[in-house]
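*Asks:* Have a look at this prediction, sequence included:
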Amino acid sequence: MKVVLFGATGMVGQGALRECLLDPDVESILAVVRNASLPQHDKLREIIHQDVSDLAAIEDRLSGYGACFFCLGVSSIGMKEETYRP
């Protein structure tokens, strides 16, 4: 299986990336990141893309994958509740 992963550098995304790298059924992982920062691995490729609300520039590179993990978000650590809640 081929996997696309958004948010690979965050807490949840790091866990998803680790599990994908360890899983023998996952043949390749495409991580969409804002900055190049992930470890080198034979299964792993990165696309550096700043704005995940507009994927038009990389749309043609996102097809042919069997799974997508969207692990973007903000941590509530250190935030006041009124700041964290919409």
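*Replies:* Here it is on my side, so go on.
*Asks:* Can you list the low-confidence ranges for this protein?
*Replies:* 85-86 (pLDDT under 70).
*Asks:* what about the strands in it?
*Replies:* Secondary structure of the chain (DSSP state E): strands at 2-6, 28-33, 44-48, 67-70.
*Asks:* The last one: which residues count as buried?
*Replies:* Residues residue 69 are the ones in strand 67-70 that count as buried (16 or more other C-beta atoms under 10 Å). Any C-beta I mention is one placed from the backbone N, CA and C, and that applies to glycine too.
*Asks:* same question, the first one
*Replies:* Of all the residues in strand 2-6, those buried under the rule 16+ other C-beta under 10 Å are 3, 4, 5, 6.
*Asks:* ok, residue 62 - how many residues close by?
*Replies:* Other residues near residue 62 come to 13 when the count uses other C-beta atoms under 10 Å.
*Asks:* Am I right that it is in contact with residue 3?
*Replies:* No. Using C-beta atoms under 8 Å, residue 62 is not in contact with residue 3; the gap is 11.5 Å.
*Asks:* Kindly reformat the strands of the chain as JSON lines containing distance to residue 82.
*Replies:* Shown next, in JSON lines, are the strands of the chain (distance: least, C-beta to C-beta, whole Å):
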{"stretch": "strand 2-6", "distance to residue 82": "27"}
{"stretch": "strand 28-33", "distance to residue 82": "30"}
{"stretch": "strand 44-48", "distance to residue 82": "34"}
{"stretch": "strand 67-70", "distance to residue 82": "26"}
